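>>> here's my sequence, what's the structure:
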Amino acid sequence: PSDDGIFWMTFEDMVATFDQVDICKVDDNAKFSYMQVDESEAGYAFVKFTVDNYCDRLTTFAVTQRGCRTEEAEGNTNFDLNSYTRQVDVGIIKLASNSKGPVPGNIIKVDGGKKERSPYALRDTYLEFDGFEGGTYYFYSDIHWNGKAADKTFCVNCYGPQKVEFIADESLDCNKQDIR
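All right, here's what the predicted structure looks like:
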């Protein structure tokens, strides 16, 4: 046997060993970019990011929260998949005019992405685009934390053909209702 991570097991053994299976899309040439975010007092967050050039293939933007592996690695054996959140909403917006700022009527919601999430928002909620224009955007996340969540940090990330620069920017002062 080689040490390449590939193995075979019966379905019965798999069900007895694993309680969750994630299927990942892998692109050996993709770049991964991320930034850790603390939830704002408002209960939602806007994170500015810049895409230098047109992304000509699959590009995924996501919000990722703590999961079982993180909790277990830190010795927390009382962790439950429902300990953090029940619902996560994500979106991407762009300003129609940078000179006007983030005011109602100047905010454009970026459509065309495929949104995916697990039924209980167990760890990742993401938007996936077949192509993505270069420019400056804001990633929007509205996380409805479960009352058990003590740590309300999460990561915004991008997996695609180029690095994306996420920027801590407190200047976007708009309400989540402005982007709907």
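>>> now do the same end-to-end measure for stretch 97-116.
Taking Cα to Cα, to the nearest Å as the measure, stretch 97-116 stretches 29 Å from start to finish.
>>> stretch 44-61 too?
The straight-line separation of the ends of stretch 44-61 (Cα to Cα) is 17 Å.
>>> would you map the strands across the chain?
Taking DSSP state E as the test, the strands found in the chain are 31-38, 44-51, 59-64, 85-95, 107-109, 114-117, 124-129, 135-145, 153-160, 165-167.
>>> compare those and give me the one nearest residue 22.
strand 124-129 (8.7 Å; Cβ to Cβ). Using the backbone N, CA and C atoms, a C-beta is placed for each residue, glycine as well.
>>> what helices or strands is the closest one leaning on?
Secondary-structure packing of strand 124-129 (3 or more Cβ pairs under 8 Å, 6 or more residues apart in numbering; DSSP states H and E): strand 59-64, strand 85-95, strand 114-117.
>>> could you dump those strands into TSV and include mean pLDDT?
Shown next, in TSV, are the helices and strands packed on strand 124-129 (pLDDT from 0 to 100):
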stretch	mean pLDDT
strand 59-64	88
strand 85-95	78
strand 114-117	75
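>>> okay if I get those as TSV plus mean neighbour count and distance to residue 42?
What follows is these, written out as TSV (neighbours: other Cβ atoms under 10 Å; distance: least, Cβ to Cβ, whole Å):
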stretch	mean neighbour count	distance to residue 42
strand 59-64	23	16
strand 85-95	19	14
strand 114-117	13	21
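>>> how about the nearest residue to residue 153, chain neighbours excluded?
Taking Cβ to Cβ, 6 or more residues apart in numbering, and ignoring the residues beside it in sequence, residue 153 has residue 38 as its nearest neighbour in space, at 5.3 Å.
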